[in-house]
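Q: model this:
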Amino acid sequence: VNPFSPVRRRWRAWWDARHPQRDTHLMGQHNIYILPSRPGLAFCATLALLLLASINDQLSLGYMLTFLLAGAGLASMHGTHGNLRGLSLDLKAPAPVFAGEDVQLELRLHNSSGARFGIGVHVLGSPDAEIAWTDVPAQGHALLQMRFPAGSRGLRSLPTLQIVSRFPLGLFRAW
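A: Down below sits the predicted model:
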């Protein structure tokens, strides 16, 4: 018996209550999460090293470079979050398939503001899930098609899809 199973169940119940499954989804403040990517963590470590060296040697230009790069990193974080905020997704019902065939999903991404770049969608939890990437034009929409294996026969619920973005600098990953 796993001692963490009650915690996992409560976490899953909280997550499912916060993100109900539906075929239309609007990305907003309450459902976009952002963390540094691996290059972002290396960038933070470099900033810490630059700051430490600037403090140790009392280099004014070192301070300037450190805080200039930190400001660029914060602007990148804001841009990454803003790339997903306000984006609306509609899922078209997939056609029935036989067991072992690929289910083809068609998503329509609606954008009511400026152009969005580097929007990716993939099946969450699938080890070989390939991310389908697209750009969404300003005041327009984009169609995104993706496939995943159907598995066994019978009526199945669709898997959870994850929308990701690393635009503009790749220092942060928003989903």
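
Q: can you give me the strands in this structure?
A: 24-26, 34-36, 88-92, 102-110, 116-123, 132-136, 141-149, 161-165, 172-174 (DSSP state E).

Q: Determine the set of other helices and strands touching the fifth one.
A: Packed against strand 116-123 by the contact rule (3 or more CB pairs under 8 Å, 6 or more residues apart in numbering; DSSP states H and E) you find helix 60-84, strand 102-110, strand 132-136, strand 141-149, strand 161-165. Heads up, the C-betas are built off the backbone N, CA and C, glycines and all.

Q: returning to what we had before: now tabulate the strands of the chain in a markdown table and tack on mean neighbour count.
A: Below are the strands of the chain laid out as a markdown table (neighbours: other CB atoms under 10 Å):
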| stretch | mean neighbour count |
| --- | --- |
| strand 24-26 | 13 |
| strand 34-36 | 14 |
| strand 88-92 | 15 |
| strand 102-110 | 16 |
| strand 116-123 | 20 |
| strand 132-136 | 17 |
| strand 141-149 | 15 |
| strand 161-165 | 19 |
| strand 172-174 | 21 |
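
Q: Quick check: which of those strands is nearest to R18?
A: strand 24-26 (12.7 Å; CB to CB).

Q: How far off centre is that closest one?
A: Mean C-alpha position of strand 24-26 versus that of the full chain (CA atoms, centre = their mean, to the nearest Å) differs by 15 Å.

Q: partners of it in the sheet?
A: strand 88-92 (antiparallel) (DSSP bridges).

Q: Next, the angle strand 141-149 makes with the partner strand.
A: 50 degrees (axes from the mean of the first three to the mean of the last three CA atoms, to 10 degrees).

Q: what's the pLDDT at P20?
A: For P20, the model assigns a pLDDT of 79.

Q: With that, I have no additional questions.
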